[in-house]
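Q: One predicted model, sequence on top.
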Amino acid sequence: MRGIIKVFTLFIGAILAFLLPYALLLTISAVIAIVFARKVKWKIVILLTLYIFCINAIFGRFVNVDPIIYASRVLFLLILSSVVTFTFSELLEVVAFFRFPKSVYIPVILAYRHFKILERDVKIFQETYKIRFGTLMFKDYFIVYASLIRNILQKIDEVSVAVYLKEKGIEEIVERRRL
Amino acid sequence: MIVRDLSITLNNKKLLENINIEFERGIRVIYGESGVGKTLLMVSIAGLNDFFKINAEGEVYADCSLLFEDTDNQIIGYRVKDEIEIAGIDRKYLGLLGLEGYDDREVHTLSGGELKKLCIAEALSKNRKDIILDDPQSHLDSESFKELLEIIKELSREKAILILTRRPDYYADCNHYLLRKDGLRKGACSFYFKKIRGRSESGKRLIVEGRDITFSYGDKPIFSKVSFKFFSGISIVTGKNGSGKTTLLKIISGLLNYGGSIKFYVDGEKTVSYVHQFPERVFFYSSVREEAEFALGDLCSEILEVFKLNPEKKIKDMTRREKALLAIACSMNAEVVCLDEPTASLDISGVNILLEAIESFDRNYIIASNDQTFVKSLSEVAEIYRLEDGVIKNEGHN
C-alpha cells in the first residue's frame, strides 16, 4: 500500500504546486526539507531551482512572468520528488495497481534500474575524482556528469539483459499482486 | 550441453571459431585470457546473441542458467528479498553461501563478495540442466570459494557445469580447456606468478595510524573504537566478505566520515590514493592518455609503460584487465596506495603486471585482497592483517 500512497502524494503535490501561492509553497518546501534534510538531493535541487529562476528572470521580462513563482513551484516539486522514493517492491505494487501492461512496466523497471545504477555510480565517480584530484569544484561536476552519462549509456545492454532474464519472474509477481 | 562448430563474430570480426563442447554432467573449466571472448561464448550458448550484438553460427543445444561476471548484468532488485522473489532464489544456497538473514539489506549496501554470492545463488537455484559460471571466484573469500566448489561438485553429478575463468589456478583439480580464437585445447594449463622479493625488513616505519576509529552503516556497526597501524612497504588486509575491508580502505583514504583520528607519517605532494573494487566502472575520459595525463601529470608515460598500457587506446576498446590496470596505474602518484581487490578483474598476466608494478614503484601499499595466489606472491615482503568482527589483527608474514 505504501507505493500507492506515495504515488498519490506525488500526484496531489503536483496539483498543489500550481494552486498554492508561492509563499506557502516555499514554507511547505522548507518544512519538508528540514524534516527530510538527509534525503533531499541538495545539489540538484538548488542548481535546477536557480536555473529556472534565472531563465525566468531574464526572459520573464518580455512575457510578464514572475520568476519567483516558477522557481518556488520547481523547488517544491524537486524537494517532494527527492523525498518520495520508491523501493522495487513498491514500484511493482504501483504497476500492478494501475494494471499497466507489460509493454509499459518492463521499460519502467528498466528505467528504475538505470536510475539506481546512476545513483550508485555518482557516488563512486565522486569518490574517485576526489581521491585523484582533491575536492570537487563546481567546474568539475561537468566532467563527472559527462563521464556518468557515457557510463550509463554503455550499460544499457547489461541492464536490458538483467531485466530480460527476469521477465518471467517479474510478470509472475505483478500478476500475483494484481489478484 | 552440446556446442558444435560454434563461431562468433562481433562487428564483422571473427572472435571465436570451431568451438566444440559436449557433456551431460560434470565440470569443465575453460580458461582464457582477458578479452579472448569468454563472456561472449557464454551468452552465445545461452542464446542472448541479440543483446550483445553478436552473430553466431553452429549448433547449440543448452538449457542453462548463468552467472555473469558483472553483477549489473544480473541484479535488478532494490533489496535482497526483491531479488529472491524475482529470481526465485533457493534459500538453501543463500544459507550455504552465508547470506542468511540478508533479506532486508539494500543491494547497494552489499560488499562485492556478497553481491557475487547473491548472483551465484541465483544461478544455482534455477531448475536448468546446465549452469555456466563466468569467473565465479572473483571477489569471494577463500572459505566461500571452498563452499562454492563443494556445491558445484555436488550439482555436477546431475548437471553440466561450465566454468569460464581467467584464473585457472583456482580450479587445479578440474578438467582444463584453453580457449583460443581457433577453438578449445584440452590439457592442464601452466601458469606462473611472479614472486616479489628483496624489500628490506630493516627500516620499516609507521606510515598510517588510526586511533579509536568508529564507523557504522546506519544501525550496522562496522568499527567500534578500533586502533591500527600500517607500516611502510606492503600491507595486505584479508577477511571474509562483508567484514569491512572496503570500509577500512575508504576510511584511510578519507572517503567516509568516521569517529576517531587517522594520521599519516609520509612526505610527498599526494598522500593517499584509493582504487575502487570495480575499477573498470570509473573513467572520466575516452582515451588512456587523457585519463592518465589527467591523473598522473608528468609521471604518465613512465607509469603506463610499466603497466604495459597503450596510451593511444580508447577506453571503450579495452578489455576488463586493461581497464583495471589503468585504474590502478592512475593511483600510483600517491605515497600510500590503497587497492581494493585489485586482482578481481585481472587474468594471470594482469596479476603479473601488477606485481611487477608493485615491485617497480617504491610506494606504500595497503591492499585488501582475498586472492590467495596473489597474497602468496607477496607473502615474503608483505605484512598480513586479518579483519574479523571489526578487529584488525596483524598476522605478520604468511
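A: Great, that's in hand.
Q: Which residues of chain A lie near chain B?
A: With C-beta under 8 Å from any C-beta of the partner chain as the criterion, chain A comes near chain B at residues A:87-89, A:109, A:113, A:116-117, A:119-121, A:124-125, A:127-133, A:143-144, A:147, A:150-151, A:154-155, A:157-166, A:169-170, A:173. For the C-beta atoms, the positions are set from N, CA and C on the backbone; glycine is no exception.
Q: now do 6 Å
A: Of all the residues in chain A, those in contact range of chain B (C-beta under 6 Å from any C-beta of the partner chain) are A:87-89, A:113, A:120, A:124-125, A:127-128, A:131-132, A:143, A:147, A:157-158, A:161-163, A:166, A:169-170.
Q: In space, what's closest to the residue nearest to the spatial centre of chain B - neighbours in sequence excluded?
A: For chain B, residue B:344 is the residue whose C-alpha lies nearest the centre (C-alpha atoms, centre = their mean; 1.7 Å). Closest residue to residue B:344 in three dimensions, ignoring its sequence neighbours and counting by C-beta to C-beta, 6 or more residues apart in numbering or on different chains: residue B:138, at 4.4 Å.
Q: quick one, phi/psi of the closest residue in space to residue B:261 that isn't next to it in sequence?
A: Closest residue in space to residue B:261, ignoring its immediate chain neighbours: residue B:211 at 5.1 Å, by C-beta to C-beta, 6+ apart. Taking degrees, to the nearest 10, you get phi -130, psi 130 for the backbone angles of residue B:211.
Q: cool, residue B:217 as well?
A: Here the main-chain torsion angles of residue B:217 (degrees, to the nearest 10) amount to phi -100, psi 100.
Q: Excluding sequence neighbours, find me the nearest residue to it.
A: The spatially closest residue to residue B:217, leaving aside those adjacent along the chain, is residue B:109, at 6.1 Å (C-beta to C-beta, 6+ apart).
Q: and if you look at residue B:106?
A: Using C-beta to C-beta, 6+ apart, the nearest residue to residue B:106 is residue B:79, at 5.6 Å.
Q: burial measure for the one you found, as a count.
A: 19 (other C-beta atoms under 10 Å in any protein chain shown).
Q: Quick check: closest non-adjacent residue to residue B:254.
A: With C-beta to C-beta, 6+ apart, the residue lying closest to residue B:254 is residue B:272, at 6.9 Å.
Q: same deal with residue B:292?
A: Counting by C-beta to C-beta, 6+ apart, the nearest residue to residue B:292 once its immediate chain neighbours are dropped is residue B:300, at 4.5 Å.
Q: Can you check the pLDDT for the residue nearest to residue B:258 when sequence neighbours are not counted?
A: Here the nearest residue to residue B:258 in space, its sequence neighbours aside, is residue B:215; by C-beta to C-beta, 6+ apart that works out to 4.5 Å. Looking at residue B:215, its pLDDT stands at 94.
Q: who's residue B:215 bridged to?
A: residue B:223 (DSSP bridges).
Q: For chain A, see how far away it is.
A: 15 Å (C-beta to the nearest C-beta, to the nearest Å).
Q: what's the answer for residue B:55, then?
A: Taken as C-beta to the nearest C-beta, the spacing of residue B:55 relative to chain A amounts to 16 Å.
Q: That residue is in what secondary structure piece?
A: Under the criterion DSSP states H and E, the helix or strand holding residue B:55 is strand B:54-61.
Q: So which bits of that strand are buried?
A: Of all the residues in strand B:54-61, those buried under the rule 16 or more other C-beta atoms under 10 Å in any protein chain shown are B:54, B:56, B:58, B:60.
Q: rewinding a little: show only the entries of the residues of chain A next to chain B found in helices.
A: Secondary structure assignment by DSSP state H places A:88-89, A:113, A:120, A:124-125, A:127-128, A:131-132, A:143, A:147, A:157-158, A:161-163, A:169-170 of the residues of chain A next to chain B in helices.
Q: If any of these are buried, put those into a ChimeraX selection.
A: Selecting only the buried members of those in ChimeraX, with burial defined as 16+ other C-beta under 10 Å, works like this:
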select /A:88,89,113,124,125,127,128,131,132,143,147,158,161,162,163,169,170
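Q: Can I take it that residue A:78 is in a helix?
A: Yes. Under the criterion used here (DSSP: H, G, I helix; E, B strand; the rest coil), residue A:78 sits inside a helix.
Q: count of neighbours near it?
A: Applying other C-beta under 10 Å, we find 21 other residues in the vicinity of residue A:78.
Q: what about residue B:352, distance to chain A?
A: As defined by C-beta to the nearest C-beta, residue B:352 lies at a distance of 25 Å from chain A.
Q: that's a helix at that residue, yeah?
A: Yes. Secondary structure assignment places residue B:352 in a helix (three-state DSSP).
Q: Report the spatially nearest residue to it, omitting neighbours in sequence.
A: Take residue B:352 and drop its neighbours on the chain: the residue closest to it by C-beta to C-beta, 6+ apart is residue B:194, 4.9 Å away.
Q: Quick check: pLDDT value at that neighbour.
A: 85.
Q: Same question for residue A:65.
A: You'll see residue A:65 listed with a pLDDT of 62.
Q: And residue A:60, what's its pLDDT?
A: Confidence score, pLDDT, at residue A:60: 68.
Q: same check, this time on the one 10 residues further on
A: In this model, residue A:70 is scored at 84, pLDDT.
Q: That one reaches residue A:54, doesn't it?
A: No. Checked against C-beta atoms under 6 Å, the pair residue A:70 and residue A:54 is beyond contact range at 10.7 Å.
Q: So the two - more neighbours on which side?
A: With neighbours defined as other C-beta under 10 Å, residue A:70 and residue A:54 compare such that residue A:70 has more, 18 against 12.
Q: Okay, and the more buried one sits in which element?
A: Secondary structure from DSSP H and E places residue A:70 in helix A:67-83.
Q: Need the contact partners of that helix.
A: Helix A:67-83 is touched from outside by A:13, A:17, A:22, A:25-26, A:29, A:32-33, A:36, A:39-41, A:45, A:49, A:52-53, A:56-57, A:60, with contacts defined as C-beta atoms under 6 Å, 6 or more residues apart in numbering or on different chains.
Q: buried sites along it?
A: A:67-68, A:70-80, A:82-83.
Q: Return the residues in contact with residue 132.
A: I went with chain A, as the question did not name one. residue B:295.
Q: that's the other chain; I wanted chain B
A: Contact analysis of residue B:132 by C-beta under 6 Å, 6+ apart lists B:42, B:64, B:66, B:162.
Q: so where is the chain shaky, pLDDT-wise?
A: Picked chain A for this. By pLDDT under 70, the weakly predicted segments of chain A are A:60-65, A:136, A:179.
Q: other chain: chain B
A: B:188-189, B:198-203, B:397-398.
Q: Enumerate the residues of it near chain A.
A: Proximity of chain B to chain A, by C-beta under 6 Å from any C-beta, involves residues B:51, B:72-74, B:76-78, B:82, B:86-87, B:108, B:253, B:255, B:273-274, B:276, B:282, B:284, B:295.
Q: want to try a markdown table for the contacts of residue B:132, with neighbour count and secondary structure as columns?
A: Shown next, in a markdown table, are those (neighbours: other C-beta atoms under 10 Å in any protein chain shown; DSSP: H, G, I helix; E, B strand; the rest coil):
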| residue | neighbour count | secondary structure |
| --- | --- | --- |
| B:42 | 22 | helix |
| B:64 | 21 | strand |
| B:66 | 24 | strand |
| B:162 | 25 | strand |
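Q: so which of these comes closest to chain A?
A: Chain A has its nearest neighbour among the contacts of residue B:132 in residue B:66, at 7.4 Å by C-beta to the nearest C-beta.
Q: Okay then, goodbye and thanks.
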